[in-house]
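Asks: just the structure for this:
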Amino acid sequence: QVQLVESGGGLVQPGGSLTLSCAASGRILTFYEMGWYRQAPGNQRELVATLISGVRSNYGDSVKGRFTISRGNAKNTVNLHMNSLKPEDTGIYYCNVDVREEPGHRNAYWGRGTQVTVSS
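Replies: Residues are numbered from 1 along each chain as shown. This is a model prediction of the structure:
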């Protein structure tokens, strides 16, 4: 089993910045993909940003140019740097990883989510 711990959510004013972090623990052999999704009330969960094989990044259209995903100094962490935040960025942000774990199975896991609220 892989555990994900998210941190960094909170309340921020429009135009402000926030950084989310997700730390994965467990018997992980390989990270295929690490990323963030979000869900606003009444909406489906949507892609925010993912990091594929630790190298290639992929962003949702609504966050391109404002958000940056990166791997942390500890290779089992992924960060989401959010700039120029808008009220429509409000939602619960979920960390997601796709990993190969011991003894060799590939699985995907979700974190519990962290609330981001953009409001004046």
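Asks: chain center to stretch 109-118, what's the gap?
Replies: 8 Å (CA atoms, centre = their mean, to the nearest Å).
Asks: which stretches of this protein have low pLDDT?
Replies: Applying pLDDT under 70 to the chain picks out no residues at all.
Asks: who touches the closest residue to Met34 other than its chain neighbours in this structure?
Replies: The shortest distance from Met34 to any non-neighbouring residue, by CB to CB, 6 or more residues apart in numbering, is to Val78 (4.1 Å). C-beta coordinates here come from the backbone N, C-alpha and C atoms, glycine included. Counting by CB atoms under 8 Å, 6 or more residues apart in numbering, Val78 makes contact with 21-22, 24, 34-36, 51, 69-72, 95, 97.
Asks: filter those to the buried ones?
Replies: 21-22, 24, 34-36, 51, 69, 95, 97 (16 or more other CB atoms under 10 Å).
Asks: now the residue nearest to Met34, what's its secondary structure?
Replies: Three-state assignment for Val78 (DSSP: H, G, I helix; E, B strand; the rest coil): strand.
Asks: center of this structure, which residue is that?
Replies: Trp36 (2.5 Å; CA atoms, centre = their mean).
Asks: isn't Asp89 up against Ser119?
Replies: No: contact criterion CB atoms under 8 Å: Asp89 and Ser119 do not qualify, at 10.4 Å.
Asks: quick one: which of these two has more around it?
Replies: Asp89 (22 against 10; other CB atoms under 10 Å).
Asks: which non-adjacent residue is nearest that one?
Replies: Val118 (5.1 Å).
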